[in-house]
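>>> predicted model, plus sequence, below.
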Amino acid sequence: MEFELPDGRKLTLPETATGADAAAAIGPGLARAALAVKLDGQVRDLARPLADGGDTDGGTRRRLEILTERSGHEALELIRHDAAHVLAEAVMELYPGVKISIGPPIENGFYYDFDFPDGTTLGEDDFERIEARMREHIAADEPFTREDVPTAAAIERFGDEHQDYKVQLIEDLIRDQGVETVSLYTNGPFTDLCRGPHGPSTKRIGAFKLQNVAGAYWRGDASNPMLTRVYGTAFFSKRELAEFLERLERARANDHRRLGPQLGLFTFSDVAPGSAFWLPAGTEVFNALVTLSREMGRERGYLEVKTPQLYDSSLWVTSGHWDKYGGNMFVTEYEDRAMAIKPMNCPGHCQLYALGRHSYRDLPLRYWEPGLLHRREPSGTLHGLLRVRHFAQDDSHIFCTEDQIQEEVAAALDFAFATYDVFGLDVRLELSTRPEQRIGADELWDKSEAALMKALELQGLPYELSEGEGAFYGPKIDMHITDSLGRSWQLGTVQLDYNMPERFGLIYTGADNAEHQPVMIHRALMGSYERFIGILLEHFAGELPVWLTAVQAIVLPIADRHLEYAQSVQARLRAARLRAEVDGRGESVGRKIRDAELRKIPYMLVVGDREQESDQVAVREHRRGDEGTAGVEAFLERLADEVRTRALA
Ligand SMILES: [Zn+2]
Ligand SMILES: [Zn+2]
């Protein structure tokens, strides 16, 4: 058998060779470091023969890679899956009669679902005991061995052990996939029904921690019994685990769902699931972002429009949404007409374009609308401001001629870079091509994919290709940013669309006096304002830049006799369109400062006798402390300047 290694070298092995043999043939160091192999992209146990895996057709040379601790996510996934088995092993020993269901690796760790006998519960207090037992099994260096057995034998085995969930899983496999054998993995005294793959032995789990307990329905179905899900994570080293836990702790402290109510920005209620209630302070933040989009758009020739919320179904049929996107829309009926609330602004903007007459001289025509949208999102997927049913996007649709595509896409990307720059965020680009569910002829897709690619290449912009991830009406360039906690978020998008203009019969009169069809570019930069605010709150740990924050300065009178002066300072700040408050409570100034710090207000202006007499304020900056006194006018100019330039702290 011949294989090709990642560095292009050839490796020839006998027909009976396993993954472990391959590693040993490359070198003794690699044999020790090996965790698994990757054969034509498929991760497999070291112990399995190579002959029966990968792309065996055509006799072409197969690609072989040895996975070690340095192989990144795939390697971590292996030991996390190993750790899930060790967790089940420990729980079964400590809780006789427990039934086990499934235990996969997940994005940042693993879980296992248990059904405890009546009267037994498991809480986070029990973790120490379980972890101690897990550590024993890891220290024992138990090898993972795989065995393929006929389904009948497996059912009998798990039936004897009263592991009903395992029996059900095997019955499902027989019914849904017609399997005749299933694989079992054994380490130490523990055997699990499992597809694998696994690392060679438990000792490779360098460091692990159980994290929390949650309820989870068997098969995710609320009509089934509720199981106990134990979450944990594992790494190759204690250092990596400690770093991960610290990042997690910071993310928890910066969680926008916590910061929002704490800073008085927004709140949620069960009477409107997935829809934020914006408090006055949050509304200031929201509006400041809308103003930013509006002002930057105006400078770039965008025209603000307002289009309806509720449309007759005929509009959605024309746009293709009824057919391809219907499941995401809230639908209603009135006077015998089916109607739907808009989930996107594009069809409304197409309709608006269609209502007028357009010459090539008018193009490009750039409509912008921070329109309110509603989308059906299942309750289980809702997540603070990040996943909502009701939101507004900084949404634009640019109608242009084919000749203008390159320039318009480049300008939209420039606009995006300028926007992210305001927040100090770096961007990564991704080009997404035609998805399976789509409208429009393949020739149109060829044309629009090529146009986007060319726009990126002409600008010399690096990008990743994401095949099949385009919108149903056209390919797109997505923009991703990385936040202060190292997490990646998709924000903006620029999408090219030949389809919708065609479906709406949009036209313009060309220089040749004939009718032509314009091309449409969809573009949103912040995405939804709701989600963007959620991301910014977490990125800035609640300390938004001064121009964006709800209360920019708070005046703190030392005693009641300074209240009037404090109010006059506030009035002058407000006259300069700055957002200022007065803390007129009868509390000590120390207490007022502490409270203002908790609210993360950037400037505290303390006023007493001395300040009052000299028309000054004692300036205190959030987290930085006292800055000394300043004249009211001088401070006001400084703050106004910071706001006008949208300075980052
Ligand atoms: Zn497993
Ligand atoms: Zn659109």
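Received, thanks. Ligands and ions are numbered 1, 2, ... in the order given.
>>> so how far is stretch 169-177 from its chain's centroid?
With Cα atoms, centre = their mean, to the nearest Å as the basis, stretch 169-177 stands 33 Å off its chain's centre.
>>> buried residues in it?
Buried positions in stretch 169-177, judged by neighbour count with 16 or more other Cβ atoms under 10 Å: 169, 170, 173. No exception for glycine: its C-beta is placed from N, CA and C like everyone else's.
>>> could those go into a markdown table alongside distance to residue 345, pLDDT and secondary structure?
Formatted as a markdown table, the buried residues of stretch 169-177 follow (distance: Cβ to Cβ, whole Å; pLDDT from 0 to 100; DSSP: H, G, I helix; E, B strand; the rest coil):
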| residue | distance to residue 345 | pLDDT | secondary structure |
| --- | --- | --- | --- |
| 169 | 46 | 96 | helix |
| 170 | 50 | 96 | helix |
| 173 | 46 | 95 | helix |
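>>> and ligand 2, which of those reach it?
Restricting these to those touching ligand 2 (Cβ under 5 Å from the ion) yields no residues.
>>> domains for the protein, by residue range?
2-70, 74-252, 297-538, 553-644 (automatic domain parsing).
>>> and the ones you listed as a markdown table, adding distance to residue 288?
Converted to a markdown table, the domains of the chain look like this (distance: least, Cβ to Cβ, whole Å):
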| stretch | distance to residue 288 |
| --- | --- |
| domain 2-70 | 45 |
| domain 74-252 | 25 |
| domain 297-538 | 10 |
| domain 553-644 | 9 |
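>>> closest to residue 265 out of these?
Checking the domains of the chain against residue 265 by Cβ to Cβ gives domain 297-538 as the closest, at 7.7 Å.
>>> the closest one and ligand 2, any residue contact?
Yes: in terms of Cβ under 5 Å from the ion, part of domain 297-538 sits within range of ligand 2, namely 346, 522.
>>> between the two ends of that domain, how far is it?
Domain 297-538 stretches 26 Å from its first residue to its last (Cα to Cα, to the nearest Å).
>>> report the distance from it to the chain centre.
Distance, centroid of domain 297-538 to centroid of chain: 19 Å (Cα atoms, centre = their mean).
>>> let me see the mean pLDDT of that domain.
For domain 297-538, mean pLDDT rounds to 93.
>>> near the closest residue to ligand 2 within the stretch 51-200 of the chain, how many other residues are there?
Using Cβ to the ion, residue 107 is the residue of the stretch 51-200 of the chain that sits closest to ligand 2, at 29.8 Å. For residue 107, the neighbour count with other Cβ atoms under 10 Å is 9.
>>> go on, residue 47?
17.
>>> my read: it touches residue 145, true?
Yes: in this structure, residue 47 is within contact of residue 145 by Cβ atoms under 8 Å, at 7.3 Å.
>>> show me where the stretch 201-350 of the chain has strands.
Taking DSSP state E, counting those that start in this stretch as the criterion, the stretch 201-350 of the chain carries its strands at 207-217, 226-235, 266-268, 276-278, 303-304, 310-312, 331-334, 337-341.
>>> mean neighbour count added to these, as a markdown table?
Output for the strands of the stretch 201-350 of the chain, formatted as a markdown table (neighbours: other Cβ atoms under 10 Å):
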| stretch | mean neighbour count |
| --- | --- |
| strand 207-217 | 17 |
| strand 226-235 | 22 |
| strand 266-268 | 19 |
| strand 276-278 | 17 |
| strand 303-304 | 13 |
| strand 310-312 | 15 |
| strand 331-334 | 11 |
| strand 337-341 | 17 |
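>>> in contact with the most centrally placed residue in the chain, which residues?
In the chain, the residue lying closest to the centroid (Cα atoms, centre = their mean) is residue 489, at 5.2 Å. For residue 489, the contacting residues are 480, 481, 482, 483, 535, by Cβ atoms under 8 Å, 6 or more residues apart in numbering.
>>> for the closest residue to ligand 2 within the stretch 451-600 of the chain, grab phi and psi.
Ligand 2 sits closest to residue 522 of the stretch 451-600 of the chain, with a gap of 3.3 Å, by Cβ to the ion. Backbone torsions of residue 522, given as degrees, to the nearest 10, read phi -90, psi 140.
>>> count of residues packed around it?
Counted with other Cβ under 10 Å, residue 522 comes out at 24.
>>> do the same with residue 308
13.
>>> and it, how close does it get to ligand 2?
To ligand 2, residue 308 is 15 Å away according to Cβ to the ion, to the nearest Å.
>>> quick one: list the elements packing against the host helix or strand of residue 22.
Under the criterion of DSSP states H and E, residue 22 resides in helix 19-26. On a contact count with 3 or more Cβ pairs under 8 Å, 6 or more residues apart in numbering; DSSP states H and E, helix 19-26 meets strand 10-12, helix 28-33, strand 36-39, strand 62-67.
>>> with just CA atoms, put the third one into PDB.
So the one you mean is strand 36-39. The C-alpha coordinates for strand 36-39 follow below in PDB (Å, rounded to 0.1, in the frame of the first residue of the first chain):
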ATOM      1  CA  ALA A  36      -4.700   8.700  15.700                       C
ATOM      2  CA  VAL A  37      -4.400   8.900  11.900                       C
ATOM      3  CA  LYS A  38      -6.200  10.900   9.300                       C
ATOM      4  CA  LEU A  39      -6.700   8.800   6.100                       C
END
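>>> mind listing the strands the helix or strand following that strand pairs with, and their directions?
Note on strand 36-39: by DSSP H and E, the next helix or strand toward the C-terminus is strand 42-44. Next to strand 42-44 in the sheet, as set by DSSP bridges, lie strand 36-39 (antiparallel).
>>> partner strands of the helix or strand encompassing residue 606, with direction?
Assigning secondary structure by DSSP H and E places residue 606 in strand 603-607. Strand 603-607 pairs in its sheet with strand 553-557 (parallel), strand 616-621 (antiparallel), by DSSP bridges.
>>> for the helix or strand that that strand is followed by, the distance to its chain's centre please.
Next helix or strand after strand 603-607 toward the C-terminus (DSSP H and E): helix 609-614. Distance of helix 609-614 from its chain centroid, counting by Cα atoms, centre = their mean, is 51 Å.
>>> give me the buried positions along stretch 177-185.
Those would be 182, 183, 184, 185, for stretch 177-185 by 16+ other Cβ under 10 Å.
>>> now these as CSV including pLDDT, secondary structure and distance to residue 128?
Shown next, in CSV, are the buried residues of stretch 177-185 (pLDDT from 0 to 100; DSSP: H, G, I helix; E, B strand; the rest coil; distance: Cβ to Cβ, whole Å):
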residue, pLDDT, secondary structure, distance to residue 128
182, 96, strand, 34
183, 96, strand, 33
184, 97, strand, 30
185, 97, strand, 27
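>>> what subset of the residues you listed is also close to ligand 2?
Counting by Cβ under 5 Å from the ion, no member of the buried residues of stretch 177-185 is near ligand 2.
>>> could you single out the nearest of the residues you listed to residue 332?
Nearest member of the buried residues of stretch 177-185 to residue 332, counting by Cβ to Cβ, is residue 182, at 48.6 Å.
>>> OK, contacts around the closest residue to that closest one other than its chain neighbours?
Spatially, and ignoring its direct neighbours in sequence, residue 182 is nearest to residue 154 (5.0 Å; Cβ to Cβ, 6 or more residues apart in numbering). Under the criterion of Cβ under 8 Å, 6+ apart, the contact list for residue 154 reads 166, 170, 182, 184, 193.
>>> confidence score at residue 154?
Residue 154 is given a pLDDT of 96.
>>> go on, residue 54?
66.
>>> dump the residue contacts of residue 294.
Listed by Cβ under 8 Å, 6+ apart, the contact set of residue 294 reads 304, 368, 370.
>>> which stretches of the stretch 51-200 of the chain have low pLDDT?
By pLDDT under 70, the weakly predicted segments of the stretch 51-200 of the chain are 54-60.
>>> if we go to 50?
58 (pLDDT under 50).
>>> tally up the residues packed near residue 359, please.
11.
>>> looking at the strands paired with strand 603-607, which is buried most?
Highest mean neighbour count among the strands paired with strand 603-607 (mean count of other Cβ atoms under 10 Å): strand 553-557, with a mean of 25.
>>> kindly export that strand (C-alpha atoms) in PDB.
C-alpha atoms of strand 553-557 as PDB (Å, rounded to 0.1, in the frame of the first residue of the first chain):
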ATOM      1  CA  ALA A 553     -20.500  62.400  32.100                       C
ATOM      2  CA  ILE A 554     -22.200  62.500  35.500                       C
ATOM      3  CA  VAL A 555     -22.000  65.600  37.700                       C
ATOM      4  CA  LEU A 556     -21.600  64.700  41.400                       C
ATOM      5  CA  PRO A 557     -22.500  67.500  43.900                       C
END
